[in-house]
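# Just need the structure, nothing else, for what follows:
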Amino acid sequence: MSKKLRILTWHVHGNYLYYLSQVPHDFYLVRDEARSTHHSGRSGTLPWGGNVHDAHVEQIRDMAFDVVLFQSRDAYEREQHELLTPAQRRLPRIYIEHDPPQEHPTNTRHWAQDEGLLLVHVTPFNQLMWDSGITPNRVIEHGVLPLAQAHYQGDRAAGIVVVNNIGRRGRRLGLDVYQTASQAVPLTLVGMGAKDVGGWGEVSNAELPGVMASHRFFFNPIRYTSLGLAVIEAMMVGLPIVGLATTELPTVIQDGHNGLIDTRLDRLIDGMRRLIADASEARRMGELARQTAQARFHIGRFVADWEDALRTVTR
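Numbers count the residues shown, from 1 in each chain. All right, here's what the predicted structure looks like:
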């Protein structure tokens with residue numbers, strides 16, 4: 001694409017937004033004075049490039065954009081009418097749906113019903129489960145650019161779990177699964193709110209790859225969500241993945257090859273114990289996980305897919 005686009009969006013998922021900003025266009029992030037939720041603009045510890053800018057809520061109406069990129073229901077249903085001019089609301093529009101449906105897994109119609117909008121799902125599973133209705137839609141799978149050059153060591157005979165606010169988010173994010181497994185095998189929980197349930201606490205974006213690399217395997221206790229970026233980031237480092245055989249994960253992890261997946265927690269616990277006892281087997285699986293991630297989730301493919309989507313909506 002020859003023209004450099006000006007894309008207005010919201011800061012919803014930091015790591016995803018950082019990877020998205022590798023697409024060679026200018027991204028303007030909605031910001032208010034308080035840097036409140038989804039209005040934090042260019043914030044945090046991520047190494048934002050020069051193509052990422054703030055767009056103050058009081059100035060957006062006077063700014064020129066080429067594309068509006070929604071990432072939440074509230075931004076689509078409410079905020080666009082409060083922040084954008086009528087002309088801006090007629091610009092090419094994309095909605096990134098980061099999650100599978102939560103109200104009902106198969107019978108939920110997506111709220112963004114608009115033939116002039118492009119609905120982007122981040123996994124094939126999500127696209128399958130959502131009823132996208134009249135809205136044109138496609139899948140753009142994740143792409144990951146490692147934030148640090150960390151390589152698998154596996155010298156800590158424990159698994160690592162990366163989930164934000166698992167104590168508050170409960171069964172869907174696998175709080176009970178984590179608690180049961182942590183009584184049987186050593187697990188290190190990191191993420192926002194982790195200390196509330198006995199974990200380490202939050203680890204910075206730049207430090208996380210190194211922390212993951214020191215562990216023997218990555219355990220994903222989540223029952224029902226999109227394919228977590230932390231899973232792919234762990235694969236990029238070279239960790240074998242242990243997780244529930246639900247949602248998109250069974251298309252990424254082959255049991256016994258690049259990790260262990262099952263819907264029976266007792267089988268997963270047995271597998272984690274084997275990995276703790278056999279460091280060489282964990283390293284073998286982890287290297288295959290790294291190869292899988294590099295082939296399927298490399299940043300070049302992600303950027304090319306987004307370039308194609310932007311060409312589609314702006315042509």
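
# Going by C-alpha atoms from here, please, whenever you check contacts or count neighbours.
Noted.

# in the strand or helix carrying Leu310, what's buried?
Element membership for Leu310 (DSSP states H and E) is helix 299-314. For helix 299-314, a neighbour-count test (16 or more other C-alpha atoms under 10 Å) marks Ile299, Arg301, Phe302, Val303, Asp305, Trp306, Ala309, Leu310, Val313 as buried.

# what separates the residue nearest in space to the middle of the chain from Tyr18, distance-wise?
For the chain, the residue nearest the mean C-alpha position is Leu229 (3.9 Å; C-alpha atoms, centre = their mean). Per C-alpha to C-alpha, to the nearest Å, Leu229 is found 12 Å from Tyr18.

# cool, Gln294 as well?
18 Å.

# before we move on, what about Leu260?
Relative to Tyr18, and taking C-alpha to C-alpha, Leu260 is found at 29 Å.

# Same question for Val303.
Look at Val303 and Tyr18: by C-alpha to C-alpha, they are 12 Å apart.

# for Asp54, same thing?
Taking C-alpha to C-alpha, one finds Asp54 at 14 Å from Tyr18.

# Next: Gly198.
Distance from Gly198 to Tyr18, counting by C-alpha to C-alpha: 29 Å.

# Among these two, which residue is more densely surrounded?
Tyr18 (19 against 13; other C-alpha atoms under 10 Å).

# Show me the strands in this protein, by range?
Here the chain has its strands, by DSSP state E, at 6-9, 26-31, 52-56, 67-70, 93-97, 117-121, 137-139, 156-162, 187-190, 215-220, 241-244, 259-262.

# Switch the ones you listed over to JSON lines; also include mean pLDDT, distance to Gly271 and mean neighbour count.
Output for the strands of the chain, formatted as JSON lines (pLDDT from 0 to 100; distance: least, C-alpha to C-alpha, whole Å; neighbours: other C-alpha atoms under 10 Å):
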{"stretch": "strand 6-9", "mean pLDDT": "98", "distance to Gly271": "42", "mean neighbour count": "22"}
{"stretch": "strand 26-31", "mean pLDDT": "98", "distance to Gly271": "43", "mean neighbour count": "24"}
{"stretch": "strand 52-56", "mean pLDDT": "98", "distance to Gly271": "43", "mean neighbour count": "20"}
{"stretch": "strand 67-70", "mean pLDDT": "98", "distance to Gly271": "41", "mean neighbour count": "23"}
{"stretch": "strand 93-97", "mean pLDDT": "98", "distance to Gly271": "33", "mean neighbour count": "21"}
{"stretch": "strand 117-121", "mean pLDDT": "98", "distance to Gly271": "32", "mean neighbour count": "23"}
{"stretch": "strand 137-139", "mean pLDDT": "98", "distance to Gly271": "32", "mean neighbour count": "17"}
{"stretch": "strand 156-162", "mean pLDDT": "98", "distance to Gly271": "11", "mean neighbour count": "23"}
{"stretch": "strand 187-190", "mean pLDDT": "98", "distance to Gly271": "14", "mean neighbour count": "23"}
{"stretch": "strand 215-220", "mean pLDDT": "98", "distance to Gly271": "11", "mean neighbour count": "28"}
{"stretch": "strand 241-244", "mean pLDDT": "98", "distance to Gly271": "8", "mean neighbour count": "27"}
{"stretch": "strand 259-262", "mean pLDDT": "98", "distance to Gly271": "7", "mean neighbour count": "23"}
